[in-house]
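In: Here is a sequence together with a model predicted from it:
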Amino acid sequence: MAVKGSFNAFEMARTQFDRTAERIGLEQAARDLLRSPLREYHFLIPVRMDDGTSRVFQGFRCQHNDARGPCKGGIRFHPQETIDTVRALSMWMTWKCAVADLPLGGGKGGVVCDPHDLSAREQEQICRGWVRQIARNVGPVTDVPAPDVMTNTQHMLWMLDEYERIHGGHYPGLITGKPVGMGGSLGRKEATGYGAVYTLREALKELGIRPEDSTASMQGFGNVSQYAAKLFREMGGTVLCVSCWDQKDQTSYTFRKKDGIDVDRLMGITDRFGGIDKTKAPDLGYEVQGGEAWLSEEADILFPCALENQITGANVGSIHKRVKIIVEGANGPTTPEADEAIHARGIFMIPDFLANAGGVTCSYFEQVQSNMNYFWTEEDVLARLDQKMTHAFSAVSEVARKRKLYMRDAAYMLAVTRVAQACRDRGWI
Ligand code: GLU
């Protein structure tokens, strides 16, 4: 999925924060402290490629705030990664952990690379190189990384192994999203998608809509959408279409099936980055269409689950009038300009750092399990996840109803208030 135009995610994250700071009358010191990362690291990762040549990759880690606990957040591999994107995402992690009421702060990392073009060995070298550059600045009690866009359980395990070699011991609490059986938690792969659907279930209840009567359109078919689609289907809903980025053609395609997509069969023709094989899809009964068709689909619910900057001032007008709810599975998919139009149309927004908090919530469970070296059943993990997500949704929706606020504004208000209070309690400001 491409990040379009001259969009700057950090400017967007700051605009959202500044508005909240204004709304809650935040003191100047808190504004200064929270509108930038506390610490950030930029480094180079030299790698010997399979053909014998050397390439140097750029790596980042931003630690936005750790007043509520160790920084927490994923590492992305993306060819268009920038320090500003990582800064924005680290800030969103702070709000996400606060809204889910986890004892964690916000961090994010990245490497400018495209894993589509890298062998497994080259990816392993990038993972190990990333850790070598930052091994003294991350750790179970300081900053705990995790998977994100185009990184997976194998990457996490290579990173853990490198960290353990450097520090000479076992530190499974360093990183989350590890493979099950190697310190990973059951339920982690489902957690972000399921978490989004738990919040949707609560929104549907609030709006008096039965899941059985509702249809959805999704952007992206990676880890988040796959499990969101699965659980939404189990709840009785129908996913009419999914769109995904085609790496070869450098464009998006939408895959539509009138009676609803079949997640398992579709996953059978999907690569590990969420790319669906468009030559095989018609045989499974899909109509394939280029462009942004997912956004104008006549559905009740939209799930943008790909990247930031996807619903913008330029395309927000094409959202179908039937749409009642947007569930932001991705981080930052809606620009402030598009957000205003969505708010004005009265669409119910479940904002990113609430909707996709299931991933980090399960990561928190994973860290707890890793640190105790005692692992829970899948049933147990998912029940706790549901409880946490339902609780977070209710807390935000209560603020929204009481203060007559848009859900994103209510979520910001709750999160920023909690983090600013932690900074005051510690005597930082
Ligand atoms: N990368 C995920 C996110 O953006 C998960 C982070 C984590 O598990 O720490 O929320």
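Out: Yep, it's here. Numbering: from 1, shown residues only.

In: ok so residue 282 is a helix residue?
Out: Yes: counting by DSSP: H, G, I helix; E, B strand; the rest coil, residue 282 is part of a helix.

In: how many neighbours does it have?
Out: Residue 282 has 11 neighbours, counted by other CB atoms under 10 Å. In this view, the C-beta of every residue, glycine as well, is placed from N, C-alpha and C.

In: Tell me who's in contact with residue 271.
Out: By CB atoms under 8 Å, 6 or more residues apart in numbering, the contact list for residue 271 reads residue 277.

In: repeat for the one 5 residues further on
Out: With contacts defined as CB under 8 Å, 6+ apart, residue 276 is in contact with 221, 242, 244, 253, 255, 266, 269, 270.

In: Please repeat the previous calculation with a cut-off of 10 Å.
Out: Shown in contact with residue 276 (CB atoms under 10 Å, 6 or more residues apart in numbering): 221, 242-246, 253-255, 261, 266-267, 269-270, 284, 286, 288.

In: just residue 153 next, same as before
Out: Residue 153 neighbours (CB under 10 Å, 6+ apart): 147, 176, 177, 178, 179, 180, 182, 184, 188, 189.

In: and the nearest residue to the third one once chain neighbours are set aside, what pLDDT?
Out: Read it as residue 177. Nearest non-adjacent residue to residue 177, counting by CB to CB, 6 or more residues apart in numbering: residue 147, 3.9 Å away. With respect to pLDDT, residue 147 scores 96.

In: Residue 292 too?
Out: Value listed for residue 292 in the pLDDT field: 88.

In: what do you get for residue 6?
Out: For residue 6, the pLDDT comes out at 75.

In: And for it, the neighbour number?
Out: 4.

In: doesn't residue 191 make contact with the residue nearest to residue 177?
Out: No: under the criterion of CB atoms under 10 Å, residue 147 makes no contact with residue 191, lying 11.1 Å away.

In: Test my guess that residue 209 contacts residue 203.
Out: Yes: Residue 209 lies in contact with residue 203 (CB under 10 Å); the separation is 8.5 Å.

In: anything in contact with each of these two?
Out: In contact with both residue 209 and residue 203: 301, 324, 325, 348, using CB under 10 Å, 6+ apart.

In: who wins for most neighbours among those residues?
Out: Neighbour max across the shared contacts of residue 209 and residue 203 (other CB under 10 Å) = residue 301, 27 neighbours.

In: Now, of the contacts of residue 276, which are buried?
Out: 221, 242-246, 253-255, 261, 266, 269-270, 284, 286 (16 or more other CB atoms under 10 Å).

In: The ligand contacts on the stretch 301-429 of the chain?
Out: With CB under 6 Å from any ligand atom as the criterion, the stretch 301-429 of the chain meets the ligand at residues 331, 356, 359, 360, 363.
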